[in-house]
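Chemist: Quick one: sequence and predicted model below, then my questions.
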Amino acid sequence: MKNIKEHKFNGLEELETFKIKCELPVQWGEMDAANHVNNVIYLKWVEYARIRFFELTNVSSDFTSTAGPILAWQDCKYIFPVTYPDTMLIGVRCAELLEDRIKLETKLFSKKHERITAVSYQIVMAYNYQTLKKTAIPLSWIEGIKNIEKL
């Protein structure tokens, strides 16, 4: 996984390097007493992008198949405060695909300020919701991710 200090936070052109992108309007109610978007909202935006990633890569998230994704770990580096009104532009990609986990990288950008606002990394495991145990990443997930990401 890349060290966050290695990133160059220079503007929206970096968003174009992501195959999967989302756009979400900032809601007035997402701001807190400090008059900027609350940190937990960034994680909701990351979750939205992660679910979009699952949908586009055929990662089953319906909890009825023998393997479904489960979030095992995440972090978020807050870089620039977001305020209402604004629109978030979010890119998500597979940073690493292993036998038993997927490492995702998500970057959030402010459309109004044309700059990066946060970077998040997540580890998603394949989990069998019937046996309640970790399982190998299904081949269909690997193929879906490789097809989108061109790995």
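Modeler: Structure's in. What do you need?
Chemist: Restrict the strand ranked longest in the chain to CA atoms and write it as PDB.
Modeler: The residue-count maximum for a strand in the chain (DSSP state E) belongs to strand 115-128. The C-alpha trace of strand 115-128 is given here as PDB (Å, rounded to 0.1, in the frame of the first residue of the first chain):
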ATOM      1  CA  ARG A 115      -8.600  19.900  -5.100                       C
ATOM      2  CA  ILE A 116      -8.300  16.700  -3.200                       C
ATOM      3  CA  THR A 117     -10.000  16.600   0.200                       C
ATOM      4  CA  ALA A 118      -9.300  13.100   1.600                       C
ATOM      5  CA  VAL A 119      -7.600   9.800   0.900                       C
ATOM      6  CA  SER A 120      -8.900   6.500   2.200                       C
ATOM      7  CA  TYR A 121      -7.700   2.900   2.100                       C
ATOM      8  CA  GLN A 122      -9.900  -0.100   2.900                       C
ATOM      9  CA  ILE A 123      -9.300  -3.800   3.100                       C
ATOM     10  CA  VAL A 124     -12.300  -5.900   2.000                       C
ATOM     11  CA  MET A 125     -12.400  -9.600   2.800                       C
ATOM     12  CA  ALA A 126     -14.500 -12.300   1.200                       C
ATOM     13  CA  TYR A 127     -16.800 -13.700   3.900                       C
ATOM     14  CA  ASN A 128     -19.200 -16.700   3.900                       C
END
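Chemist: what helices or strands is that strand leaning on?
Modeler: Contact partners of strand 115-128 among helices and strands, from 3 or more C-beta pairs under 8 Å, 6 or more residues apart in numbering; DSSP states H and E: helix 39-56, strand 68-78, strand 101-110, strand 133-135. The way it works is simple: take the backbone N, C-alpha and C, and place the C-beta from them, glycine included.
Chemist: Just name the most buried of those.
Modeler: Among these, strand 101-110 has the highest mean neighbour count (mean count of other C-beta atoms under 10 Å), at a mean of 23.
Chemist: helices or strands next to that one in the packing?
Modeler: Contacting strand 101-110 under the criterion 3+ C-beta pairs under 8 Å, 6+ apart are the following elements: helix 39-56, strand 87-97, strand 115-128.
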